[in-house]
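>>> I would like to see how this sequence folds:
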Amino acid sequence: MVRALMDKSTPTLYTLLESATTDDLDKATLIVTDLIHQSLSLHVPLSKTCSRSKRWWTEELSTMRQAMAKQFRKWKSTQLDSEYPDYKRHRNTYFRAIRESKANCWQNFLNTANNQDIFTAVKYTRPTQTLKTPTLVFGEHSATDFESKYQMFTDTMVPDPLASFSTFNIQNTPTDNSFPWPDITDLEVKDAIFHSAANKAPGPDGINILCLRHLYQSI
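Just a heads-up that it's a prediction; the model follows:
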């Protein structure tokens with residue numbers, strides 16, 4: 001479908017690409033992005049998401065949440081001390097039910113886990129590793145604790161401006177020479193698409209890496 005849509009826009013795309021100005025390249029990018037969105041809207045079903053799409057969420061929790069919100073509005077409108085204990089009771093009951101629902105969902109997952117689910121459970125329960133900064137050495141000095149490392153970083157990376165000497169002269173800096181930027185090759189673009197994580201969230205254009213992989217041959 002993308003190929004058919006692009007064939008209709010080929011003359012316009014070729015004209016913009018041959019011009020190769022910044023504005024024309026931006027316009028060509030917008031055209032390709034719009035074509036991809038059209039193809040995705042026709043062939044990729046939309047997922048139904050909600051703010052509480054969790055495995056452990058239940059209808060009972062929805063009822064408890066509504067009761068808690070109702071009691072909170074009642075206490076907020078009256079500002080009576082006698083209403084606050086009722087709101088607090090509903091709130092504690094609601095959050096206690098969430099903890100129990102999460103625990104039951106996790107226990108059911110472990111009881112029914114098989115094959116690849118075992119490795120998923122191990123990944124979830126694996127403790128997070130914290131890496132400590134190794135001993136820092138600068139010249140004849142070494143730093144092992146936080147304070148000495150902080151002081152070494154400060155003295156090394158942020159020296160006293162009055163004590164630092166520089167031979168830099170802005171008049172000797174060439175301003176008419178731009179940094180040479182090599183052209184991006186098709187292989188580099190392909191490697192960037194196929195070596196990036198496929199299931200990451202898309203950028204501002206709404207197209208993730210998985211879509212680009214499927215559409216690579218067409219675009």
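>>> Output the lowest mean pLDDT helix or strand found in this structure.
helix 2-8 (a mean of 58; mean pLDDT, DSSP states H and E).
>>> C-terminal to that one, what's the next element?
helix 10-19 (DSSP states H and E).
>>> State the mean pLDDT of that following helix.
For helix 10-19, the per-residue pLDDT values average out at 72.
>>> Flag every buried residue along that helix.
If you call a residue buried by 16 or more other Cβ atoms under 10 Å, then helix 10-19 has these buried ones: 13, 16. C-betas here are computed from N, CA, C, even on glycine.
>>> ok, and for the helix or strand following it, which residues are buried?
Per DSSP H and E, the first helix or strand lying C-terminal to helix 10-19 is helix 22-43. For helix 22-43, burial by neighbour count (16+ other Cβ under 10 Å) applies to 27-28, 31-32, 35-36, 39-40.
>>> what packs against helix 22-43?
helix 2-8, helix 10-19, helix 209-215 (3 or more Cβ pairs under 8 Å, 6 or more residues apart in numbering; DSSP states H and E).
>>> Tell me how the chain divides into domains.
The record's domain split for the chain, according to automatic domain parsing, is 1-45, 59-125, 131-164.
>>> From the chain's centroid, how far away is the second one?
Read it as domain 59-125. Mean-position distance between domain 59-125 and its chain equals 26 Å (Cα atoms, centre = their mean, to the nearest Å).
>>> I'd like to know which elements the biggest helix by length in the chain is packed against.
Determined from DSSP state H, the single longest helix within the chain is helix 84-111. On a contact count with 3+ Cβ pairs under 8 Å, 6+ apart, helix 84-111 meets helix 59-78, helix 116-125.
>>> Which of those helices has the lowest mean pLDDT?
helix 116-125 (a mean of 76).
>>> sorry, back to before: Ala198: which of the domains of the chain is closest?
domain 1-45 (14.5 Å; Cβ to Cβ).
>>> Helix or strand: which one has the residue of the chain most remote from its centre?
Distance from the centre of the chain peaks at Ser82, with 44.8 Å (Cα atoms, centre = their mean). Using DSSP H and E, Ser82 sits within no helix or strand.
>>> From Lys74, how far out is it?
As defined by Cβ to Cβ, to the nearest Å, Ser82 lies at a distance of 11 Å from Lys74.
>>> With Arg55 instead?
From Arg55 to Lys74 the distance is 32 Å (Cβ to Cβ).
>>> about what we covered before: pick the one among the buried residues of helix 22-43 closest to Thr133.
Nearest to Thr133 among the buried residues of helix 22-43, with distances taken as Cβ to Cβ, is Ile36, at 44.0 Å.
>>> Just give the nearest non-adjacent residue to Val32, would you?
Among residues not flanking Val32 along the chain, Ile219 sits closest, at 6.3 Å (Cβ to Cβ, 6 or more residues apart in numbering).
>>> And for that neighbour, the neighbour number?
By the criterion of other Cβ atoms under 10 Å, Ile219 has 11 neighbours.
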